[in-house]
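Would you be able to build a 3D model of this:
(3 chains)
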Amino acid sequence: MITIIYRLIVALALVLVAVELFTQKSAKLKINAALVLVPLVLRALMIA
Amino acid sequence: MTTQVLLLLFMIAAFVALVLFAKLPVSLSLVATAMALPLLAGRGLPLDQLVEGMFGYLDTGLVLVTAMIFLKVIEGNGLLGDLTRGITIRFGKSPLVLLVALTVVIMFPGMITGSCTASVLGTGTLVSPILLAMGMPLPVVGAVISSAAVYGMIAPPVNIPVMIIGGGIDLPYIGFDGLLALVTFPMAILTTLFLGLRHVDRKALARVIDEKKAEPRAGKLSIYLPLLTCVILMVGPKAFPKWFPDPRLPLTFLISAAVGLAVGKRFNVAKAARDGVREILPVVGILFGVGMLIEMMTLTGIRGTIVIGALSIPPAFMLLGIALILPLFGGISVYGGASVLGVPFALALLGQNQIVVLSALSLIGAMGSYMPPVALTPVVAAQLIGEPKYGRIIKLALAPAVVAVLVGVAMLVWANPIAKFLGV
Amino acid sequence: METDQKKLPGLPLSAGLLALVVLVLVLVAPSDLAMRKHDFVRKGPGVTEVRMLSDWFPGIKGGRGDTEVYVLDSGKPGGSALVLGGTHANEPAGFLTAIVLVENARPEAGKLFVIPFANASAFTHTDYMEGEPRRFTIEGASGARTFRFGSRATSPADQWPDPDIYIHASSGQKLSGSETRNLNRAYPGRPDGTFTEKVAFAITSLIKAEKVDVSVDLHEASPEYPVINAIVAHERAMKVASIAVLNLEFDGITIGLEPSPQKLRGLSHRELGDATDTFALLMETANPSQGRLRGVTDEALILKGRDPLYLKAKALGRLFVPFDEKGSPVEARVGRHLAGLAAIFSAYTEEKPDRAILFSGLPSYDELQATGLGKLF
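Numbering: from 1, shown residues only, chains lettered A, B, ... in the order given. You can find the predicted model right below:
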């Protein structure tokens, strides 16, 4: 149960970071957002 | 000079050059340095391990993101403003009492979560406007919040560095509460008073109190429900572990944020969440970058070289080494320092009382929270209060931090007598 | 903050970065998922049955905590023993010894249960920030054999998130939160507990149901760890362990004997001994590839155990074991475990002749050092 909730929390963070990737103006901060996306996706899918 | 020492020098030089000259964000500089290390060591680009390193701080990253969402919510619905008003009016008559009360308030989230970031973002937000109103300059406010937050991190009931070191030497986390409380509370309060008391302007404070009294109250008491929810969810699992399921911090923050949406003023939630993420994302990126770098430092043998270097210090200089190296490593990660250096140091001090030794190591190591490049506590505090240069906060917090390290060293020297005296 | 006119500034860069993220995921995810496939273990001449741990506790059936239990039944009267490998998947001599048993041992009296991958989930990932290789290869007699090098704990993909503090269920003992995924802090386990507690419960159930006389949990520890090259024994198993240690010393294998601490809860040598009638023991060898003082971390370190930094640490007096240029090769570590198992079982057989546990087909310590580990695979 708690795991499912936490996957949803990761998914929420994932969406917010993805929004940031597309709305952020600074190229450097875009790269930063992309970096953060990688582990979030892997955990949301429970691959790693 | 071994390959590892050369790699270490390269690593430091590359990181500094990327941050200072290439003006890259700290996170990207860490990632670039991390990727260069295995290439230079002839190990190619181990993508699996590079990605794996980031997971070292995934949980912390989630805490930061959800905490920011919670903060933006209680900022938006008017809770923060109302709370500031209440505390200022109630305790405003005596600045001394007010400062002591506020120190404990800042420490609280760190005490129960073991994370100084929780303190800065949680109650630091509430307290900073009051400190400003009392007449403290911005950097002083940042230093007071950072220092109380760092002590909150090592104050009982949850001290993660002690748990990490204890895990490495098979010592259960039992019997630390009394000693840790005895060390952290007086030091936290004294530090706040040392930093802040002389800046308190009684007239300004009185004026602020009058202004606050004139402000209309938010009205219903229900506006405090999100905070109450947060406290219950944080304390409940620790107080009644048998039947109160532990929601962990991220869920605690999100549930409290949801409660916050139901009470107080209406505001744009989506925008609040996006703003929160935007503000905290650079810090999350730094954490992930640190994880990647530590993984590559381990893979290439740099980590071991640092540890062995630390252990090579002659016994006479051992304590000096601990006092310098442990806080320095905090510049990468306090938890990482506890794991990488705290465990070998604790093993080197096996003859001494373990409870005192681990408490002291955590106290010394925690002072690494001020250490660049990560300097998590002052960086987050600066971001929170809008201080453009977090270096100013570090400068102010330095002297009390040095005192704390000295106290820690004294604890290491007299660990057995202290243990005997306190009966731990 | 949103003063820009364009809703999506720098769209091509964003899209490019997103594509890069997808590329990284496509490259990384398959290797993560491949770790879930159990390593090949050959059914040796002594294996009479291959069962699953879920046979003793259906609560883990079909999940990633379920794992093979190899039964080596002599068909002759005697006692029964359980050998656990891979409680910690980053301690290779532990699970390699278990695999050697399955592939080579011939039971002469009694019955042997062997679980090579006790915490199967721990084999599906490596510990974060440790830079460890995910596989290592041994050149075996039947070709190259590749084994996974995993983590100390259950994968977060199977049990997540960790609590701030892990409270051991039956004792209330508090440990750092990540220990909640450590199988050797989860005993005796709970049928309705966490993933890891369920695995622990299944192992406890096996011991109870099969009336296992002796349980040996095979571990390794970093060379700077105080309890090493040692047998840790529950108080009821102390006499058998002492005889085993004496016999090992007689054969030139120096090994320490530690009583299982009463206060340290959740460990196999404490809880299995308390919760069941089994004689609970644990063995440790020195593994530099999991140590905190190690240098370059690669396959060679896992197999050869040679490390200039550990040499320095030895010179500094930081180690609790002998350590020289020869390092701590996996042959020596597996050899110690095999010799230890043989000594424990023969000591038990001496103590309780009607519950004899005897097996053959395994090399002595010296033979293994001469031939190498590859000959057994």
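
then stretch B:96-108 to CSV, C-alphas only?
Output in CSV follows, covering the C-alpha atoms of stretch B:96-108 (Å, rounded to 0.1, in the frame of the first residue of the first chain):
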residue,chain,number,x,y,z
LEU,B,96,15.5,36.2,25.2
VAL,B,97,12.4,34.0,25.8
LEU,B,98,11.3,34.5,22.2
LEU,B,99,14.7,33.5,20.8
VAL,B,100,14.9,30.4,23.0
ALA,B,101,11.4,29.4,22.0
LEU,B,102,12.1,30.0,18.3
THR,B,103,15.3,27.9,18.5
VAL,B,104,13.4,24.9,19.7
VAL,B,105,10.7,25.5,17.1
ILE,B,106,13.3,25.5,14.3
MET,B,107,15.0,22.4,15.7
PHE,B,108,11.8,20.4,16.0
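
in it, what counts as buried?
B:98-108 (16 or more other Cβ atoms under 10 Å in any protein chain shown). C-beta: built from backbone N, CA, C; applies to glycine.

what's the closest of the residues you listed to chain C?
residue B:108 (14.5 Å; Cβ to the nearest Cβ).

give the contact list for that closest one.
Residues counted as contacts of residue B:108 (Cβ atoms under 8 Å, 6 or more residues apart in numbering or on different chains) are B:119, B:122-123, B:152.

ok, residue C:183 to chain B distance?
For residue C:183, the distance to chain B (Cβ to the nearest Cβ, to the nearest Å) stands at 15 Å.

Count the neighbours of that residue for me.
Residues near residue C:183, counting by other Cβ atoms under 10 Å in any protein chain shown, number 31.

what's residue B:360 sitting at in phi/psi?
Note on residue B:360: its backbone torsions stand at phi -60, psi -40 [degrees, to the nearest 10].

How far does stretch C:251-267 sit from its chain's centre?
Offset of stretch C:251-267 from its chain centre (Cα atoms, centre = their mean, to the nearest Å): 16 Å.

So is it next to chain B?
Yes - using Cβ under 8 Å from any Cβ of the partner chain, stretch C:251-267 comes into contact with chain B via C:263-265.

So how do I select the buried members of those residues in ChimeraX?
Of the residues of stretch C:251-267 next to chain B, the buried ones go into a single ChimeraX selection, burial set by 16+ other Cβ under 10 Å:
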select /C:264,265
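
okay, the residues of stretch C:251-267 next to chain B in JSON lines with pLDDT next?
Converted to JSON lines, the residues of stretch C:251-267 next to chain B look like this (pLDDT from 0 to 100):
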{"residue": "C:263", "pLDDT": "89"}
{"residue": "C:264", "pLDDT": "91"}
{"residue": "C:265", "pLDDT": "95"}
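
Okay, the residue most central in space within chain B and residue B:95: tell me how far apart.
Note on chain B: the residue nearest the mean C-alpha position is residue B:116, at 2.6 Å, using Cα atoms, centre = their mean. Separation of residue B:116 from residue B:95 (Cβ to Cβ, to the nearest Å): 25 Å.

which residue is nearest the middle of chain C?
Central residue of chain C (Cα atoms, centre = their mean): residue C:86, at 2.5 Å.

what does the model give residue C:141 for pLDDT?
pLDDT for residue C:141: 87.

Repeat that for residue C:172.
In this model, residue C:172 carries a pLDDT of 89.

Same question for residue B:219.
Value for residue B:219, per-residue pLDDT: 66.

Provide the secondary structure category for residue C:113.
strand (DSSP: H, G, I helix; E, B strand; the rest coil).

Could you list the buried residues of the helix ranked longest in chain A?
For chain A, the longest helix by residue count, based on DSSP state H, is helix A:2-23. Using 16+ other Cβ under 10 Å as the test for burial, helix A:2-23 gives A:2, A:5-7, A:9-10, A:12-14, A:16-23.

before we move on, the earlier item: and the gap between the residue nearest to the centre of chain B and residue A:48?
Counting by Cβ to Cβ - residue B:116 and residue A:48 are separated by 27 Å.

so who does the residue of the stretch 51-200 of chain B found nearest chain C touch?
Closest residue of the stretch 51-200 of chain B to chain C, Cβ to the nearest Cβ: residue B:163 (3.4 Å). Listed by Cβ under 8 Å, 6+ apart, the contact set of residue B:163 reads B:114, B:173, C:165, C:175-177.

now, which of those sits nearest chain A?
residue C:177 (13.2 Å).

who's in contact with the residue nearest to that closest one when sequence neighbours are not counted?
In this structure, residue C:177 finds its nearest non-sequential neighbour in residue C:162, 4.2 Å apart by Cβ to Cβ, 6 or more residues apart in numbering or on different chains. By Cβ under 8 Å, 6+ apart, the contact set of residue C:162 is B:59, B:248, C:156, C:177-178, C:180-181.
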